[in-house]
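Asks: sequence plus predicted model, see below.
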Amino acid sequence: MLLLLAAALPSLFWDGGASTAPALKENQISRIAVPAASLDSWKAVAGVAAEAADPSGAIKLLKPAVNYRPDQASASTAPWVDSNGWRFLRDPGGRFYYDAPGESAALAAAEAYVYGVQALVHTDTNGLKPFTQIIAFLKSLPEASPHPLVNIGYEDDGSAQSGELMNLLVRRNLLFRLVSTPDPKLNITVAFGSSAYPKTEKDPSVLAQLVRSNLTDDKRLVRIYGSEVVIARLTGGGGRVRVHLLNYAATSRPVLGLRVSVEGKYPHHRIYAYRVPDAKLLDFDPAAAGRTEFTIPNLREYTVIDLSR
Amino acid sequence: MIASAVHRRSFLHLAAATPLLARENQLPQYRIVTRYPARPGVGMPEPYRARVVRVHSEGSIDPVSEKIDEGKVREMLSRGMRSLTGESSDAAAWSRFITPKDVVGIKVNCSGAPRVMSNPEVVGGIVANLTAIGVPPEQIYIYERFADQVKTVGYDKHVPAGVHFDTAENGRGSILGYDPYTYVEVDFFGEEDTRSYLTRLVSAKFTKIINVPNMKEHQAAGVTGCLKNIGYGDFSNVARSHRYAKTNTYSFIGTLASVEPLRSRTVLHIMDGLRGVWHAGPFSRSKKFRFFPKQIMFGTDPVAMDRLLIDVIEAKRKAEGAPSIFDRSPSRIREDDTPQRDPAYNHFVREPGHVEYASTLGLGEYDIKKIKVIEL
């Protein structure tokens, strides 16, 4: 298990020359991935272990972020969220590559970790400290089952249109895994391209809303109240649930107050909050009509809540 | 890149294709969650159901300078409260509603501040009456949802030291000031956040609430008076009801106002109509849509008072040649800024029917023939 978790930690892809080694050392970075062309020069640098990596074959990801585009979303300030969860779910064994400068390096690393994928995070000098800090935080998390908790099966045809629907499901915290045939253990199966979820529907938000409607809100494994920029993922099993929360607006502002509702009754909890010392849950309620609810007062890039029976 | 909200176009498309979601013309399904039991006969609309006192004072505000005569306001408060209660002294009148042991929340309206809001002279007069009957200043809270609006008004200059100023959201969008155990859950258009939480001030701190709305037209609700100030002004995440031209203000306002303990703790409404807004409300960005009714209304029945407010706004709009707030013509809807300049147009289909709908929830009397109006 420890090996599995360690393997899921993202790597720093650094294309600066060996002359930039002091910046890395200043941020306690001792392992990097570098372009093959510069590997030899880095091998001569003491205190920094380098290995060659070729991002050209990796799946390029969006910089995780939020864009407020009131002219496109609606008359409101409803945000647009750039997240990559659907890409990880489509290709969990793939190699991924972020270009995440500055503060966004931390969120990128956390996002990849949450989905347990291999990722290279390319950042700039300003991103070294956030990257170091998030990696230290990820290493500090206690061991937990990485088994994803979902209740929707999704039959993906591999098309861009299907990908966009998966993207919306992730964004709306409708938790799914890919299936080739309906799994009776799941509440619903979304067969993209079927008469129920037709390809002729060009607006994926219509289909996403249909998935939500067919599942019903009462059966959703997790609900988020108080923010439109937080994506949740659940892992665990055997009476334990790890709730992962990613704040896609973290580089501009924390979420101050987030109510989370998780299906099932879990009387015990622990919180691990990145960049929030002495974090505590507020108004913890393990008896809310078959659900466990709690408030997170301050959510930066990433917070983990371990629930147990 | 994805949108987190369903477009109106998408929603209508989906509604047409899916019977489950074909609810454009149906009332939304509300789920009210509260730990507070109903208290029949306590709070809105009792004890003076279907009774409204309206005090007019020509010199209360100068329409040119917009300067308010604080002395005349105090006099209006005195006459209004005595008439409402039938008491011969101010102290006796106020004591009908508040005791020295109460922790009193004064719900002001600052959505149009610093131009149009619950005037500090009126709020200061209310506070003076409360302290006169023995309520310590430390037990009085002037409150709103948004701190940035309240700060522009300057209430502190009109009330004694010790009176609190508090808001539900010191930072916009934070739910920490709200009670996670008291909320209304509703899905209007597929939004992810389907809950509107009651402010903790109401559920955890106040024993009584005095509601001090203004006289304003509202682009979505038609008017914003007692019901909207106490409903939308005490819950989180309410703007979602008017995200699109066809809004859900019709049923949402009354539903929120009916939630316990808000309903039973709201014991008095004093509608500040010294200054009002007859178009493009509630913000009053253009002075040309401001007007001066020079009146204050008193009552415990928010529906009856808002019913009279509708007439005030309608009369002013008619005098200005503007269409009725009941006009639902699609041709009058504009998504651009035309409604900010031209009172013939609006961003939304107004829902002044929310007042009558609230009457069906037991919040008061809508039938104008049954409302006793005392004009002073």
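Replies: Here it is on my side, so go on. Note that the structure is a prediction, hence the values are computed from the model and not measured.

Asks: what's the burial count for the residue in the stretch 101-250 of chain A positioned nearest to chain B?
Replies: Per Cβ to the nearest Cβ, residue A:226 is where the stretch 101-250 of chain A lies closest to chain B, at 4.0 Å. Using the backbone N, CA and C atoms, a C-beta is placed for each residue, glycine as well. Neighbour count of residue A:226, defined by other Cβ atoms under 10 Å in any protein chain shown: 25.

Asks: what's the closest non-adjacent residue to it?
Replies: residue B:175 (4.0 Å; Cβ to Cβ, 6 or more residues apart in numbering or on different chains).

Asks: circling back to that earlier point, against residue B:173, how distant is the residue of the stretch 101-250 of chain A closest to chain B?
Replies: In this view, residue A:226 and residue B:173 are 8 Å apart by Cβ to Cβ, to the nearest Å.

Asks: which neighbouring elements make contact with the host helix or strand of residue A:209?
Replies: Per DSSP states H and E, residue A:209 falls inside helix A:204-215. With contacts taken as 3 or more Cβ pairs under 8 Å, 6 or more residues apart in numbering or on different chains; DSSP states H and E, helix A:204-215 sits against helix A:160-171, strand A:188-191, strand B:2-3, helix B:8-17.

Asks: in chain A, which residue is most central in space?
Replies: residue A:111 (3.2 Å; Cα atoms, centre = their mean).

Asks: surely it touches residue A:87?
Replies: No - applying Cβ atoms under 8 Å as the test, residue A:111 and residue A:87 come out as separate, 10.3 Å apart.

Asks: in the helix holding residue A:209, which residues are buried?
Replies: In terms of neighbour count (16 or more other Cβ atoms under 10 Å in any protein chain shown), helix A:204-215 has its buried residues at A:204-212, A:214-215.

Asks: beyond it, next helix or strand please.
Replies: strand A:222-225.

Asks: by contact count, what packs against that following strand?
Replies: Going by 3+ Cβ pairs under 8 Å, 6+ apart, strand A:222-225 lies up against strand A:230-237, strand A:258-263.

Asks: report whether the shortest one contacts chain B.
Replies: The reference is to strand A:258-263. Yes - if you take Cβ under 8 Å from any Cβ of the partner chain as the test, strand A:258-263 does meet chain B, through A:258-259.

Asks: how about stretch B:345-356 as CSV, C-alpha atoms only?
Replies: Extracted C-alpha coordinates of stretch B:345-356, given in CSV (Å, rounded to 0.1, in the frame of the first residue of the first chain):
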residue,chain,number,x,y,z
TYR,B,345,-38.1,47.5,-20.0
ASN,B,346,-36.9,45.1,-17.4
HIS,B,347,-34.4,42.2,-17.0
PHE,B,348,-36.9,39.9,-15.5
VAL,B,349,-40.6,39.0,-15.6
ARG,B,350,-41.6,40.6,-12.3
GLU,B,351,-43.4,38.5,-9.7
PRO,B,352,-45.4,40.9,-7.5
GLY,B,353,-47.7,37.9,-7.0
HIS,B,354,-45.2,36.7,-4.4
VAL,B,355,-47.1,38.8,-1.9
GLU,B,356,-50.4,37.0,-2.5
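
Asks: OK, contacts around the closest residue to residue B:116 other than its chain neighbours?
Replies: Nearest non-adjacent residue to residue B:116, counting by Cβ to Cβ, 6+ apart: residue B:284, 4.3 Å away. Shown in contact with residue B:284 (Cβ atoms under 8 Å, 6 or more residues apart in numbering or on different chains): B:112, B:115-116, B:216, B:277, B:290.

Asks: greatest separation within these: which pair is it?
Replies: B:115 and B:216 (10.9 Å; Cβ to Cβ).

Asks: who's more crowded, those two?
Replies: Shown here are residue B:115 and residue B:216; by other Cβ under 10 Å, residue B:216 has more neighbours (32 against 15).

Asks: distance from the one helix or strand that one maps to to the middle of the chain?
Replies: Assessed by DSSP H and E, residue B:216 sits inside strand B:214-218. On the basis of Cα atoms, centre = their mean, to the nearest Å, strand B:214-218 sits 9 Å off its chain's mean C-alpha point.

Asks: partner strands of it and their direction?
Replies: Next to strand B:214-218 in the sheet, as set by DSSP bridges, lie strand B:222-224 (antiparallel), strand B:266-277 (parallel).

Asks: residues in contact with the next helix or strand after the longest one?
Replies: Remark: after strand B:266-277, the chain's next helix or strand is strand B:290-291, criterion DSSP H and E. For strand B:290-291, the surrounding residues in contact (Cβ under 8 Å, 6+ apart) are B:115-116, B:275-278, B:284, B:316.

Asks: of those, buried ones?
Replies: Here, 16+ other Cβ under 10 Å leaves B:116, B:275-278, B:284, B:316 buried among the contacts of strand B:290-291.

Asks: any idea which of those is closest to residue A:302?
Replies: Among the buried ones among the contacts of strand B:290-291, and counting by Cβ to Cβ, the member closest to residue A:302 is residue B:284, at 42.8 Å.

Asks: picking up where we left off before, next, the residue nearest to residue B:116: phi, psi?
Replies: The phi/psi pair for residue B:284 (degrees, to the nearest 10) reads phi 60, psi 50.

Asks: tell me which residues of stretch A:22-35 are tucked away?
Replies: A:24, A:27, A:29, A:32-34.

Asks: who's in contact with that stretch?
Replies: Against stretch A:22-35 from outside (Cβ under 8 Å, 6+ apart): A:11-16, A:42, A:47-54, A:120, A:125, A:128-129, A:131-132.

Asks: straight-line length of it, end to end?
Replies: 18 Å (Cα to Cα, to the nearest Å).

Asks: chain center to it, what's the gap?
Replies: 24 Å.

Asks: next one: stretch B:337-356
Replies: 17 Å.

Asks: so what secondary structure elements neighbour the lengthiest helix in chain B?
Replies: Using DSSP state H, we find that the single longest helix of chain B is helix B:302-319. Helix B:302-319 sits against strand B:51-56, strand B:214-218, strand B:222-224, helix B:226-231, strand B:266-277, strand B:295-299, helix B:354-359, with contacts defined as 3+ Cβ pairs under 8 Å, 6+ apart.

Asks: got the CA positions of the fourth one in PDB?
Replies: The C-alpha coordinates for helix B:226-231 follow below in PDB (Å, rounded to 0.1, in the frame of the first residue of the first chain):
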ATOM      1  CA  CYS B 226     -41.400  43.300   4.300                       C
ATOM      2  CA  LEU B 227     -41.500  39.800   2.900                       C
ATOM      3  CA  LYS B 228     -38.400  40.000   0.700                       C
ATOM      4  CA  ASN B 229     -36.300  41.900   3.300                       C
ATOM      5  CA  ILE B 230     -37.000  39.300   6.000                       C
ATOM      6  CA  GLY B 231     -36.900  36.300   3.600                       C
END
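
Asks: what mean pLDDT does that helix have?
Replies: Mean pLDDT, helix B:226-231: 97.
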